[in-house]
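# My questions are about this predicted structure, shown below with the sequence.
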Amino acid sequence: MRRTVLITGASQGFGKLIAKKFHKEGWNVIATMRTPEKETELTELDNVLVNRLDVTDKDSITKSVAEGVERFGKIDVLVNNAGFGLQGPYMSSSEEMVSKQMNVNVFGVLNVTRAVLPYMEKNKDGVIVNFSSIAGLVGLPHTAVYNATKYAVEGFTEGLQYELNPIGIKLKLVQPGAFNTGFVSSMDRPDVSDNCIYKAGWDATVAQIDSMIGEGQDPQEVADITFLAATDGEETLRYIVGGDAIQIMEARKQMNDVEFKSMLMEAFNL
Ligand SMILES: NC(=O)c1ccc[n+]([C@@H]2O[C@H](COP(=O)([O-])OP(=O)(O)OC[C@H]3O[C@@H](n4cnc5c(N)ncnc54)[C@H](OP(=O)(O)O)[C@@H]3O)[C@@H](O)[C@H]2O)c1
């Protein structure tokens, strides 16, 4: 029997590539997105259901998941990919900006997981792949709130293993470095005035992040690793992707907190 994956944020970036990868490997795909009416490519594929799911809208989550199960009978793999970056000095970011970041990147993951789990529990089988980031492993300049969301996803996923593994459900974390997707153009950034006391280094950070992601690595690598994580049958929790992320983590392991901070400040021209 064909297996079924549900992916959030499949309109572009990693999500769309992940949808195409699973489809190519012979899976049924529930490709969810905020504006399915704009999608023209995935809608042309057999065994792909494109439907509306906004991770901040619980009704849309329930409806999308139910439609997917009605069409394909079950959900074997959930990929919680949807997310975006809030970047800027914390004190320049409004409470609304911070709430939106938390709602999408953290509560979005928790709420979609809550909606899908009853179907996996029934089958005593399933894999949940959650999107973290190198920013879920190390704090980065002017990225504190995004860091907080990805650290939250890390903790949630690692902790949940103890509840779900005994009933046959595996948890996975994908941790990409900088990859060339729509991430930079989707980013939320506050206006930072010239007299803001937190402005120091902000322009340098923007330049560094934009060039890292703009010149970033091929996102297909992340789609391929996501498929591997979902299908390797291993208990492995973390899948770090990208030469940059691997290099940063190697440095992190060898340095103490102060050394590592100095190294990053130099890398970011701060
Ligand atoms: N690119 C990188 O370098 C990088 C590195 C590490 C981790 N990540 C993580 O990878 C994931 C995917 O990002 P990406 O790089 O592929 O960026 P992207 O090209 O901007 O794609 C983000 C996707 O998330 C969707 N999304 C945003 N808010 C949503 C909401 N409320 N409900 C449902 N979907 C929503 C977007 O939908 P719309 O089209 O409707 O906006 C889009 O499909 C994110 O979790 C991100 O944090 C990215």
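Perfect, thanks for sending it. Residues are numbered from 1 along each chain as shown.

# Output the set of residues of the protein in proximity to the ligand.
Residues of the chain that fall close to the ligand, judged by Cβ under 6 Å from any ligand atom: 8-9, 11-15, 33-35, 54-56, 81-84, 104, 131, 133, 176, 178-179, 181-183, 186, 213, 216. Just so you know, the C-beta spots here come from the backbone N, C-alpha and C atoms, and that holds for glycine as well.

# And the strands in the stretch 51-200 of the chain?
Secondary structure of the stretch 51-200 of the chain (DSSP state E, counting those that start in this stretch): strands located at 77-80, 126-131, 169-176.

# Work out the gap between the second one and the centre of the chain.
Computed by Cα atoms, centre = their mean, to the nearest Å, the separation of strand 126-131 from the middle of its chain amounts to 10 Å.

# re earlier: which members of the residues of the chain next to the ligand are classed as buried?
Taking 16 or more other Cβ atoms under 10 Å as the criterion, what is buried in the residues of the chain next to the ligand is 8-9, 11-15, 33-34, 54-55, 81-84, 104, 131, 133, 176, 178-179, 181-183, 213, 216.

# residue nearest the centroid of the chain?
The structure's the chain has its C-alpha centroid closest to F131; by Cα atoms, centre = their mean the separation is 3.0 Å.

# Quick one: the strands of the stretch 51-200 of the chain as TSV, columns for mean pLDDT too.
Below are the strands of the stretch 51-200 of the chain laid out as TSV (pLDDT from 0 to 100):
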stretch	mean pLDDT
strand 77-80	99
strand 126-131	99
strand 169-176	98
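
# In TSV: those strands, plus distance to A245.
Listed next are those as TSV, based on distance: least, Cβ to Cβ, whole Å:
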stretch	distance to A245
strand 77-80	19
strand 126-131	13
strand 169-176	6
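
# Packed most tightly, which of the ones you listed would that be?
Most buried of the strands of the stretch 51-200 of the chain, by mean neighbour count (mean count of other Cβ atoms under 10 Å): strand 77-80, with a mean of 28.

# Identify the residues contacting it?
3-8, 15, 18, 22, 108-109, 112-113, 116, 120, 126-131, 153, 226, 230-231 (Cβ atoms under 8 Å, 6 or more residues apart in numbering).

# 7 Å instead?
Contact partners of strand 77-80, identified using Cβ atoms under 7 Å, 6 or more residues apart in numbering, comprise 5-8, 18, 109, 112-113, 116, 126-131, 226, 230.

# which residue ranges form the helices in the stretch 151-270 of the chain?
According to DSSP state H, counting those that start in this stretch, the stretch 151-270 of the chain carries its helices in the segments 183-186, 202-214, 220-231, 243-254, 257-267.

# Packing partners of the fourth one?
Packing partners of helix 243-254 (3 or more Cβ pairs under 7 Å, 6 or more residues apart in numbering; DSSP states H and E): helix 257-267.

# buried sites along the helix it packs on?
Under 16+ other Cβ under 10 Å, the buried positions of helix 257-267 are 260, 264.

# please begin residue numbering at 51 from this point
With 51 as the first residue, the last one maps to helix 307-317.

# With mean pLDDT as extra columns, can I get the helices of the stretch 201-320 of the chain in TSV?
As requested, those are exported to TSV (pLDDT from 0 to 100):
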stretch	mean pLDDT
helix 233-236	93
helix 252-264	84
helix 270-281	98
helix 293-304	96
helix 307-317	95
